[in-house]
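Trainee: Provided below for reference: sequence and predicted model.
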Amino acid sequence: MITWERLTQADFVTTEWSGGTTTQLAISPERAAYGDREFLWRLSSATVELDHSDFTPLPDYDRLLSVLKGNIQLKIGGAEPMELEPGRVAAFDGGVPVESWGRCVDFNLMVRKGTGRGFLTELRYEEPCEQTIQPGVKTRVHGLYCVSGRVRLPEFGLEAGAGELLLCRDAQGQAVRLESGPGVVIAAAIREA
């Protein structure tokens, strides 16, 4: 049976890093410690409060990064710097050196290499609407992070407000019907490798 849970600020873990704070929204296994680098995947949001910063090397992980507020410029390895603003997602190897310029609040998905593939999509609703998301048959984890407004899963009787996460750890590729808007939701998915 597929189950969803609502995670709020009381469930999140916030820590300091050299350039601001990081809030861990969810991790797998649930009792894993980010610092041990033995987790399968991790969803987090960080504040970048320095004009210039270097990302922590995570060679065992693939990373996806999206901006929730503000914008930053990223230089990933030897590539030309790219502008990252709300609605755009950067995917990169966690072992490649990454520099950033600018201040923002971001959203991160880290997935251990070889265990799955991560996806992030911004869903922006200008008015209230209902939508069915087809995450794909191999999707095993599905998350809906409410950036603004509210998001509701009527089938499961769950609703999340801004800064809250709806999470399904065993999605089994099932479609999900959501009601939202106006507002912004980040849909995160992890599919089998």
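Mentor: Happy to help now that I have it.

Trainee: could you use CA atoms for every contact and neighbour count after this?
Mentor: Fine.

Trainee: so how far is E99 from the most far-flung residue of the chain relative to its centre?
Mentor: Distance from the C-alpha centroid of the chain, by Cα atoms, centre = their mean, peaks at G78 (24.9 Å). Separation of G78 from E99 (Cα to Cα, to the nearest Å): 11 Å.

Trainee: can you give the contact residues for the helix or strand containing S100?
Mentor: S100 is part of strand 98-101 when elements are defined by DSSP states H and E. Under the contact criterion Cα atoms under 8 Å, 6 or more residues apart in numbering, strand 98-101 has outside partners L50, D51, H52, S53, D54, F55, I72, Q73, L74, K75, I76, G77.

Trainee: those, buried ones only, as a PyMOL selection?
Mentor: Only the buried members of the contacts of strand 98-101 end up in this PyMOL selection, burial being decided by 16 or more other Cα atoms under 10 Å:
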select buried, resi 53+55+72+73+74+75+76
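
Trainee: what is the nearest of the contacts of strand 98-101 to D106?
Mentor: Lowest distance from D106 to the contacts of strand 98-101 (Cα to Cα) belongs to I72, with 9.4 Å.

Trainee: distance of the closest one from V89?
Mentor: For I72, the distance to V89 equals 12 Å [Cα to Cα].

Trainee: same check, this time on A193
Mentor: Going from A193 to V89 by Cα to Cα gives 20 Å.

Trainee: what sits against the nearest residue to V137 once chain neighbours are set aside?
Mentor: Setting aside the residues directly before and after it, V137 is nearest to G173 in space (Cα to Cα, 6 or more residues apart in numbering), at 4.1 Å. Residues near G173 by Cα under 8 Å, 6+ apart: Q134, P135, G136, V137, K138, T139, R140.

Trainee: out of those residues, which end up buried?
Mentor: Those of these that meet the buried threshold are P135, K138, T139, R140, by 16+ other Cα under 10 Å.

Trainee: Q9 against L165, yeah?
Mentor: No - between Q9 and L165 there is no contact under Cα atoms under 8 Å: 9.3 Å.
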